[in-house]
Structure formats: C-alpha cells, structure tokens
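Novice: Here's a sequence, model it:
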Amino acid sequence: MKKHLSLLLLLSALTLSASAQKAQSPNQRLQLTVKNDSTLALYSGKQLAVEIITAAKGELTFVRQLTDDYQMVSGKRLHCTNVANEYQLGSLVLRLYNDGLAFRYDEPFGQKREATAYRIPEGTKRWMQQWTDSYEGFFPLSTTAKIKPVRGFSRPSVSADGFNNRWGYPLLMEPADGLFTLITEANIERGQSASCLYNDGELFRVVPDQMLPDNERQQQAIHSPWRVVIVGTLADVVQSTLVTDVSYPCRVPDVRWIQPGVVSWVYWAYNHGSNDYQIIKKYVDMAAKLHLPYVLIDAEWDEMKDGKSVEDAVSYARSQGVKPLIWYNSSVGWVNGAPGPKFRLNKPEDREKEFAWCERIGVAGVKIDFFSGDTQMNMEYCQDLLESAARHHLLVNFHGATIPRGWQRTWPNLLSTEGVYGAEWYNNVPTFTKQAAAHNATLPFTRNVIGPMDYTPCAFSDSQHPHITTHAHELALTVLFESGLQHLADRPESFLAQPLEVQQFLSALPAAWDETRLVSGYPADHAVLARRSGNSWYVAGINGTDEQKTISLDLGFIKKVKHITSFADSGTTEQPWRISEGKQLPRTVTLLPRGGFLLVANCK
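Specialist: As a prediction, the model looks like this:
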C-alpha cells in the first residue's frame, strides 16, 4: 500500500510540475505558485501563508521525493520523520514538506548575493523580536512593522522615520485566522554567516551578518543556508521538526555518552558566579538529594576563594554522584570587565588542551558564554567548539549566543542554547516581573519551536526583582520549555522546602521527549503542551494573562492511564500548592491569573 501511495504522490508531483509554475507538498495540503519567474506564493488550501521574493528565475521542475527518518538524542521528539517533494527553480532548491517549505540557493557565495525577502502586509498579526546579538528580547503581538526601537539592544537599526527595521528569528505571523507561519533558517555551515531580517515597509529582506573577507576564508560555502517556513495550525508549528529535518545528520560516531538531564544552577540566587566553594557545595548537595544528574559550576571558578580550586569542586561533585559542568567565557564578545576564565578556547591548540583537561578530571560538559553575534567568525567558532567538545565527550550549552539552527542534530552534544529572555532577567531589570507570564505563554509558539531553550525555569522564591507568577506556573515551565540541559533557577533552600511530591517530580523530570503535542493555546494568552517520556505523559499549562481562565483539555490521545499526579495552585500564600492523586484525566482546568498546572500520567 505504501508503494502505491508513494507512486501516486510522485505522479501527482510530476503532473503538477509539468503544468505551469506550481508545486505541492506530498499530502497536497500546501501549494506553491511561482509568479513573475521569481516570486513564490505559498498557500495552505486557499489561504496565502506567505509571499517570498527570490533572485531565482527559470522553469520550476520536479527533482525527487525524499524522506527524513532519524533519531535525536534530545528535543521535542526523539524519532523524527518527514517527507518532501523537491523542486528546482534556476539556482533555487525548493523542498515542500507537509508542514512547510525549505529553500536555498545552490551556488557559491549565493549567501552574499541573496535577494530573498518575505512580504508581510500591514495589518497582519505578527510576533517579532527586535534583533539583538543575544536574542534576549520579547515577542510582542503587533499588526504593523512600525515599532519604536527598544533601548539597550546591541547593533540596532532604525529607519529614516524612526522605527526599528532589524528583526531576529523566529518570526511568527497569523496571515489568516487559524493559519500560522513561522520563518527562520537552518543548517549554517562553515563559510556562511547567519542572517536576520531588515524590513523596508512590508518587505522583510534576508540579510546575512558580516562575512569574512575572501582572503580570510578557509573555505567558501557552495550554497546558502536553508530558509525555513513552517506553515499550519499552531499545533503544526509547535510540533514541527523542520529545522532539524533539513540539517546535516549526526557527526558524532557514538552518542551513548550524551545524556540529557536536569542541572542545579548557582547564578540566579546570587547574581554571581562560582568562586565560593561552600556555595558550590550547597548546590551539589541539593542535586544529590534530589537525584539531579548535573551541577553547573558557573563563571569565576578560576578565582576560587579560601585556597580551593575548581578541581576541588569537581572532585566533591563526583564524590556525591553528581556530574559537573563548568563555564567558560568565549572571549569574542564581552571580554573587558567580564568574568573568566578567558581566552582558553580561542586557539585550536588551547581549546584541545583545555577540553582534554576537562575530560581527564571528570567534567561532563561546558557552558560557553558571551558570543558577539551571527558573523561567519562566530558561526565557525561555534562549530569548532562543538567538534572539539565531542572528541572529548563534553556536553555543550551556548549562552549569550545565537539561536538554534539545527546544529543539535549534527552535533547532538549541543544540548541547550540560551538565545532567550529568560529567568536570569529577574536579576537585571524590573521589566520582567509584569511581562513574564505573557512572555512565557508566547515562547512555546516562537523561540522554543526551533530548538532547545535554556530559559533556566522554576523559581519559587525571589531574586533581585520579584516574580508574580504562581508556584504551579513556575513548576509547569520545566515541562513547557524544552531543553536538553534543564537548569533549575532557584536556591537549594527553596527547592528543599517544597512538598515531597514536588521534590519527587523534579527528581524524575525528563530532559528529552519521545513526543510533543500542543493541547491548547495562543501566544501570550495561554499554553498547554503534552510531552511523553516512555510510558508517562507530562501535561503542563500556564495562564499568560492577569485574569482567571478556564481551558478545555482534549487529552484523548493519552491511553491506559494507571495513575495521575496533579499539581495546581491553591490560591493561598500560606500553602500555595494543591496536589492530588487520581486516575481520571481532566476535561477542563481553571487557572489563576498568571497561574499554571501540571499533571503526570503514568500509563500501562
């Protein structure tokens, strides 16, 4: 039956490509029309998803049908499959998937000459982040590109009439009611830089970041990165693996040593690094008590107090059965006045020496911070770091860095990336307190769609600036946000003061998922996701608004429930939790303002 279906799809594609300039996805849900030889109009049914202006000219021809079928080590889905019809239009390669479009220019230096733009008409709902090299910004709802620039963003760009005109990926829009389009890019290679979007009115142009001069390039890219457009319902967008589908396969020969997991993290509570051995011990002890696999020894470990060294801290963590991760300054971004250690990874010989030392003393992974944008230099440096770290069996977490663009498939030791306005910002400015709930309910539809996100969730106490999200909201974030290394933000005293059920939940929390489903949601309003690990389903939801909200839940896909543990808000400050056990899945849930819920369903 499958052979007959594939033959029918192939004949359908061949027939379609032979008539005019049209193409379609394997399930025929998405259609592509080429207008004026170079403008691509992508439709979902009769609804226009996006119009793309390209530099390609020529006849659209069908090339082949291809299937992606691969395993991930971490992410929203461990076994990924997708199918596409591939077409050629001049130098442009087009792949129409059932959940979107990917295209690239197959020519040397195509990235430098690229003339791609997306047309986003004024009045279209969109969630866009003003560009900054750390990708730490909000995704506010707007119906116009005429938005004033946010102060404090690095390398801003402003149009002649005073509006921001530089935007980062991903860009989510709703071109028609219930139809969503997410724009990003994937598979950055050596010889390439990443890109961002500059808008001239309704046209959003793809502009690569600074490229190295020709005489400084070690090699040139023979094609551009993949431009990725995910199309469908919000569920289609959230559940899509298109970014990794078009990225290079795994280059690590044996991935068995790569273990996703939960991390105890020192920085949030103290707004400081890890130069105090006694504080590090507290976080190691918490990790041991809660059976968390990892502890992060953060910045400043090269200036350890009281005669101790990082090797003492690593040795203590290992003696308690906890695997240590340690922090490095990339030394290409913030250097002067920044914490160390610095300049240990920049030269290949120094990097190899440092990573060999990490492997020898029992360090499990590295967090590398303070990059300087999306230039070709940074893109190649990141790949050098990933390749070298893999040789020395080191997990990697990039911070102050670019967003995921598919490297998590190619180098699966890359378990997380920051590139998000996360809980760390409670330490920086008071802005986050009032905006956090809506922002949290937007991230599952924007930033977290494209790859792991080190938001550092779950704080029940306050740091420099208070939070007004509820306890259940905070706990739900540990499931709602996907990250192969899930750093818990709060201090040990806070976690260990929670009810035993909460502690047991954190002890068993997965950091990689067999399956992910969107149950309900809309950006900034609310988000409910279900993620499966083995025979257990974790369903997490949050309210992004300041009003009480009742949400209908369709959980019919969860079968043979054996036992359910539910976490909700009580509504009182004296005892904030309402924890219950049962066997019946709820059909509705009522959430407090900025509240949340979480349930764990163990199935037969």
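
Novice: Can you show me the helices along the chain?
Specialist: 2-18, 110-113, 234-239, 242-245, 267-270, 277-289, 310-319, 348-361, 376-391, 407-410, 431-440, 471-480, 492-496, 500-508 (DSSP state H).

Novice: deepest of the ones you listed, which one?
Specialist: helix 242-245 (a mean of 29; mean count of other CB atoms under 10 Å). Quick note: C-beta positions are derived from backbone N, CA and C, even for glycine.

Novice: Which secondary structure elements does it sit against?
Specialist: strand 79-89, strand 100-105, strand 179-186, strand 226-232 (3 or more CB pairs under 8 Å, 6 or more residues apart in numbering; DSSP states H and E).

Novice: from the middle of its chain, how far away would the last one be?
Specialist: Right, the one you point to is strand 226-232. 15 Å (CA atoms, centre = their mean, to the nearest Å).

Novice: now the second one
Specialist: The offset between the C-alpha centroid of strand 100-105 and the centroid of the whole chain comes to 20 Å, using CA atoms, centre = their mean.

Novice: Within the sheet, what are the partner strands of it, with directions?
Specialist: Using DSSP bridges, strand 100-105 pairs in its sheet with strand 92-97 (antiparallel), strand 226-232 (antiparallel).

Novice: Outside of that strand itself, list whatever touches it.
Specialist: With contacts defined as CB atoms under 8 Å, 6 or more residues apart in numbering, strand 100-105 is touched by 30, 32, 40, 42, 52, 54-56, 84, 91-95, 110-111, 113-114, 182, 186, 223-232, 240, 242, 245-246.

Novice: Make a PyMOL selection of the buried ones in the residues you listed.
Specialist: Here is the PyMOL command that selects the buried residues among the contacts of strand 100-105 (16 or more other CB atoms under 10 Å):
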select buried, resi 30+32+40+42+52+54+55+56+84+91+92+93+94+95+110+111+114+182+186+223+224+225+226+227+228+229+230+231+232+240+242+245+246
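
Novice: Turn the helices of the chain into JSON lines, including distance to Ile564 and mean pLDDT.
Specialist: Shown next, in JSON lines, are these (distance: least, CB to CB, whole Å; pLDDT from 0 to 100):
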{"stretch": "helix 2-18", "distance to Ile564": "37", "mean pLDDT": "41"}
{"stretch": "helix 110-113", "distance to Ile564": "51", "mean pLDDT": "52"}
{"stretch": "helix 234-239", "distance to Ile564": "23", "mean pLDDT": "98"}
{"stretch": "helix 242-245", "distance to Ile564": "32", "mean pLDDT": "98"}
{"stretch": "helix 267-270", "distance to Ile564": "31", "mean pLDDT": "91"}
{"stretch": "helix 277-289", "distance to Ile564": "26", "mean pLDDT": "97"}
{"stretch": "helix 310-319", "distance to Ile564": "35", "mean pLDDT": "98"}
{"stretch": "helix 348-361", "distance to Ile564": "42", "mean pLDDT": "98"}
{"stretch": "helix 376-391", "distance to Ile564": "40", "mean pLDDT": "97"}
{"stretch": "helix 407-410", "distance to Ile564": "31", "mean pLDDT": "98"}
{"stretch": "helix 431-440", "distance to Ile564": "24", "mean pLDDT": "97"}
{"stretch": "helix 471-480", "distance to Ile564": "14", "mean pLDDT": "98"}
{"stretch": "helix 492-496", "distance to Ile564": "23", "mean pLDDT": "97"}
{"stretch": "helix 500-508", "distance to Ile564": "12", "mean pLDDT": "98"}
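
Novice: Including distance to Arg594, could the ones you listed go into CSV?
Specialist: Shown next, in CSV, are the helices of the chain (distance: least, CB to CB, whole Å):
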stretch, distance to Arg594
helix 2-18, 47
helix 110-113, 43
helix 234-239, 21
helix 242-245, 30
helix 267-270, 19
helix 277-289, 26
helix 310-319, 35
helix 348-361, 40
helix 376-391, 36
helix 407-410, 31
helix 431-440, 4
helix 471-480, 6
helix 492-496, 19
helix 500-508, 19
